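> How does the following fold in three dimensions:
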Amino acid sequence: MVAKSLIKNKIPIDVVIPWVNGNDSKHKKKINSYLNDKDIVRIPGAYSTRFVSVNEIKYSILSILKFASFVRNIFIVTDSQNPNIEKYIKDLFPDRLNSIRIVDHKEIFEGFEQFLPTFNSRTIDRLLWRIKDLSNHYVYLNDDIFLIRNVKPKDWFRSGRPVMRGSWKFRPWLRILGNKFYKNIKKIYSKYNTTNLSPSFYISQWWSAKILGFKFRFFRSEHTPHPVDRNRLKDYFNRNNNVFLKDLEFKFRHYNQYNTVALANHLEICEGNFFSAPIEAIYFKPVNRQKNYVSKKIKLCAKNKDIKFICIQSLDLAKREDQEKIFNWMDDILNL
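Next up is the predicted model:
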């Protein structure tokens, strides 16, 4: 049984985190059964860094428990895996052990088992609202997003409406044309005759806006926690089954797939029921950077007291010394 919120809050707010341990031998075997040697290079959505874990989930969850204590439940969505974080929660937040629940893909794909197994985060994201006992107001996080300062419910929901962080952008037609040109060049010259484009966080949000009739601009979210109105998304998918089922068959993330969070955001915009807020986040990608890149980012977070969230992508590819620097910093923030 998932615990009720220990902190009184007018609107119950849950957090959902999709997670995978790509280091797990069983997972590797499963994923490799859908790939050959050429596919590993040919399919951008199958690159190993999308699945490898360096225990970011530990810091992500502990940061939520420390800086967003009002959160009712945290659901970790995974494929027959367990992040084994009970020890840390028992030591630091023993009264929150029952607030964490592991959700298997089979639960959210009930009735749609034909799409399993899937290694596609965009496909998984589209079914998160089907988690049992999930609050109508939930916050979607990737496991590479961490809280570093206190967060209040109004940072995510105001008057029951999601708070969106991002900015308006014009239709990315030049980027789309450039991608088409690049795709044709790859078709001619690639060793593996690949025609696959790398899945784009930017473009996927435009596809979402386009589905809802936006023609010239869209709201581009940043790498932050994303509040979602579960019922609004559920009602839309129930009325538009073709949109719900679109491209679910892709085993790996695909360039043509839309972004479910962006779809939810644009649904709110269409209804006129949303709030926008400063981004209040800093993005790290400590791969092939200058020597002091990580130190400068950490100093910036310390200096700017408005920063509440950080996203650290591809941490598995960072130098060992940079990984240790980041984890030591997070240990200090969380008093570990």
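
> Which residue ranges of the stretch 101-250 of the chain form helices?
Assigned by DSSP state H, counting those that start in this stretch, the helices in the stretch 101-250 of the chain fall at 105-108, 121-126, 173-189, 201-211, 230-239, 241-245.

> And these, which one averages the lowest pLDDT?
Lowest mean pLDDT within the helices of the stretch 101-250 of the chain: helix 173-189, a mean of 60.

> Check which residues of stretch 324-336 are buried.
Lys325, Ile326, Phe327, Trp329, Met330, Ile333, Leu334 (16 or more other Cβ atoms under 10 Å). The way it works is simple: take the backbone N, C-alpha and C, and place the C-beta from them, glycine included.

> how about the residues you listed, which pair is most distant?
Farthest-apart pair in the buried residues of stretch 324-336 is Lys325 and Leu334; separation 15.3 Å (Cβ to Cβ).

> and the closest residue to Lys234 other than its chain neighbours, what is it in contact with?
In this structure, Lys234 finds its nearest non-sequential neighbour in Trp129, 5.4 Å apart by Cβ to Cβ, 6 or more residues apart in numbering. Counting by Cβ atoms under 8 Å, 6 or more residues apart in numbering, Trp129 makes contact with Tyr138, Val228, Arg230, Leu233, Lys234, Phe237.

> Output those residues as CSV; include the columns neighbour count and distance to Ile307.
Listed next are those as CSV, based on neighbours: other Cβ atoms under 10 Å; distance: Cβ to Cβ, whole Å:
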residue, neighbour count, distance to Ile307
Tyr138, 28, 23
Val228, 28, 23
Arg230, 19, 28
Leu233, 22, 29
Lys234, 14, 33
Phe237, 19, 34
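
> Around Phe93, how many other residues sit close by?
18 (other Cβ atoms under 10 Å).

> Which residue, other than its chain neighbours, is closest to it?
Of all residues not flanking Phe93 in the chain, Leu65 sits nearest, at 4.7 Å (Cβ to Cβ, 6+ apart).

> what about the one you found, is that helix, strand or coil?
Classification of Leu65 using DSSP: H, G, I helix; E, B strand; the rest coil returns helix.

> Test my guess that it contacts Asp95.
No: Leu65 is not in contact with Asp95 according to Cβ atoms under 8 Å; the separation is 9.9 Å.

> re earlier: dump the buried residues of stretch 324-336 to TSV, plus distance to Arg101, secondary structure and pLDDT.
Converted to TSV, the buried residues of stretch 324-336 look like this (distance: Cβ to Cβ, whole Å; DSSP: H, G, I helix; E, B strand; the rest coil; pLDDT from 0 to 100):
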residue	distance to Arg101	secondary structure	pLDDT
Lys325	32	helix	95
Ile326	28	helix	95
Phe327	26	helix	94
Trp329	29	helix	97
Met330	24	helix	96
Ile333	25	helix	96
Leu334	22	helix	94
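
> Now do the same contact list for the residue nearest to the spatial centre of the chain.
In the chain, the C-alpha nearest the mean C-alpha coordinate belongs to Asn142, at 3.3 Å (Cα atoms, centre = their mean). Taking Cβ under 8 Å, 6+ apart as the criterion, Asn142 is in contact with Ile17, Pro18, His223, Cys311.

> and the residue lying closest to the second one once chain neighbours are set aside, what is it in contact with?
For Pro18, ignoring the flanking residues on the chain, the nearest one in space by Cβ to Cβ, 6+ apart is Val77 at 4.7 Å. In this structure, Val77 makes contact with Val16, Ile17, Pro18, Trp19, Val103, Asp104, His105, Ile108, Ile124, Leu128, Ile131, judged by Cβ under 8 Å, 6+ apart.

> ok, which stretches of the stretch 151-300 of the chain are strands?
157-158, 161-170, 217-221, 226-229, 275-277, 281-284 (DSSP state E, counting those that start in this stretch).

> got any ranges where the stretch 51-200 of the chain has weak pLDDT?
Low-confidence segments of the stretch 51-200 of the chain (pLDDT under 70): 51-53, 174-196.

> Kindly recompute the last result at 50.
Applying pLDDT under 50 to the stretch 51-200 of the chain flags the ranges 51, 192-193.
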